[in-house]
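Engineer: Pasting the sequence and the predicted coordinates here, then a few questions.
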Amino acid sequence: MLSEALLVSAPGKVILHGEHAVVHGKVALAVALNLRTFLRLQPHSHGQVGLHLPNIGSKRAWDVARLQQLDTSFLEQGDVSTPTPEQVEKLKEVAGLSVDGAGPEHLAVLAFLYLYLSICRKQRWAKDDLELINKWAFQGERVIHGNPSGVDNAVSTWGGALRYQQGKISALQRPPTLQILLTNTKVPRSTKALVAGVRSRLLKFPEIVAPLLTSIDAISLECERVLGDMAVAATPEQYLVLEELIDMNQHHLNALGVGHASLDRLCQVTMAHGLHSKLTGAGGGGCGITLLKPDLERAEVEATKQALTGCGFDCWETSIGAPGVSVHSAASLAGPVRQALGGL
């Protein structure tokens, strides 16, 4: 039983290189993004477990006594069990969600409830065991996504940068921390439809698209090599190589048909300021990343951010290669984070 509040955080994730090619067996590089999700676990004596997700407007509470009476025998199947569709439906009933509730706030509630019920039954829960954290996080991903790759939970647990290929995940040794802009075009898109579109184009033009995927693979491998060299001593020349790789990958992704006018606009705006950008993730809108070199003038960064927000985009200045899941003291948190967590 906790005697005081527990504060933890985990980083976000972006794909640096390898989008879509990874679906076809090629390498992808995923990096931890230092825009973090914070969790405050606060003990109470009122007999309820509460969940408050202010960013997505969800606030719920359940009686602990009622949860303890549930039939949770499926949670005893091994160290880390996967909920079946039937069990997910039961979780929806317990959570008080509609049967067809599949919005992000509903899925987040289900993932929390599943992990809460699972972990509270464990007698050997070790908070500092990253392997176990990663396994449980993966099960939360399965509740939300159904059949995830395991990259998101691995990056958020371990931090830094990971190499992913055909289900195998390995950490890059001592990746450098790179400053970036993360820009959300706010254009919605369907990852499933975009992946299907690339597959269709590959079947239609195999001699054209297959070499594109192979070339994207080579870009990922070259970036991995450069990041390894930068761990020893970063040079201006290495940043120039990273910029070239970003440009080439973006053109390849456009050729695969996963670009969008909003992403083209993002790249044009940043290029006007001498910066290099590419989409990250599925494409078709969504987000893009922009590399910020260490010698970049502060005024240039601010002008770029202002130009991007002027396009109607959301823009954050952050870093990649961030630490993984971390425990914090209240005093170590920035003011806005403390306020969001309840005025610690």
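Structural biologist: It's in.
Engineer: can you list the domains in this protein?
Structural biologist: Listed by automatic domain parsing, the domain ranges of the chain are 6-172+327-340, 178-320.
Engineer: By mean pLDDT, show me the worst of the ones you listed.
Structural biologist: Per-stretch mean pLDDT for these is lowest at domain 6-172+327-340 (a mean of 74).
Engineer: Compute the first-to-last residue distance for that domain.
Structural biologist: Start-to-end span of domain 6-172+327-340 (CA to CA, to the nearest Å) is 15 Å.
Engineer: okay, now Phe205: neighbour count?
Structural biologist: 11 (other CB atoms under 10 Å). For the C-beta atoms, the positions are set from N, CA and C on the backbone; glycine is no exception.
Engineer: State the distance from it to Gly324.
Structural biologist: 40 Å (CB to CB, to the nearest Å).
Engineer: now do Leu181
Structural biologist: Counting by CB to CB, the gap from Leu181 to Gly324 is 22 Å.
Engineer: the more surrounded of those two?
Structural biologist: Comparing Leu181 with Gly324 by neighbour count (other CB under 10 Å), the higher total belongs to Leu181, at 22 against 19.
Engineer: quick one: buried residues of stretch 198-206?
Structural biologist: In terms of neighbour count (16 or more other CB atoms under 10 Å), stretch 198-206 has its buried residues at 198, 201-202.
Engineer: With stretch 237-245 instead?
Structural biologist: 239, 241-243, 245.
Engineer: Of all pairs in these, which one is the farthest apart?
Structural biologist: When CB to CB is used, the two most widely separated members of the buried residues of stretch 237-245 are Tyr239 and Leu245, lying 10.7 Å apart.
Engineer: Which stretches in the protein count as helices?
Structural biologist: 64-68, 85-95, 104-121, 130-145, 151-158, 191-204, 206-230, 236-256, 261-271, 298-310, 335-340 (DSSP state H).
Engineer: which one of those helices is the most hemmed in?
Structural biologist: Among the helices of the chain, the stretch with the highest mean neighbour count (mean count of other CB atoms under 10 Å) is helix 151-158, at a mean of 22.
Engineer: residues contacting Ile22?
Structural biologist: One correction, residue 22 is Val, not Ile. By CB atoms under 8 Å, 6 or more residues apart in numbering, Val22 lies in contact with 28, 164-165.
Engineer: State the distance from it to Lys192.
Structural biologist: 15 Å.
Engineer: Trp136 too?
Structural biologist: Using CB to CB, we find Trp136 at a distance of 26 Å from Lys192.
Engineer: got it, and Leu212?
Structural biologist: According to CB to CB, Leu212 and Lys192 sit 21 Å apart.
Engineer: ok, now Asn134?
Structural biologist: 25 Å.
Engineer: Equivalent analysis for His24, please.
Structural biologist: His24 is 16 Å from Lys192, by CB to CB.
Engineer: before we move on, what about Gly288?
Structural biologist: Gly288 sits at a distance of 20 Å from Lys192 (criterion: CB to CB).
Engineer: what do you get for Val31?
Structural biologist: According to CB to CB, Val31 stands 24 Å off from Lys192.
Engineer: just Val198 next, same as before
Structural biologist: Val198 is 11 Å from Lys192, by CB to CB.
Engineer: next one: Phe313
Structural biologist: Noted for Phe313: a distance of 24 Å to Lys192, by CB to CB.
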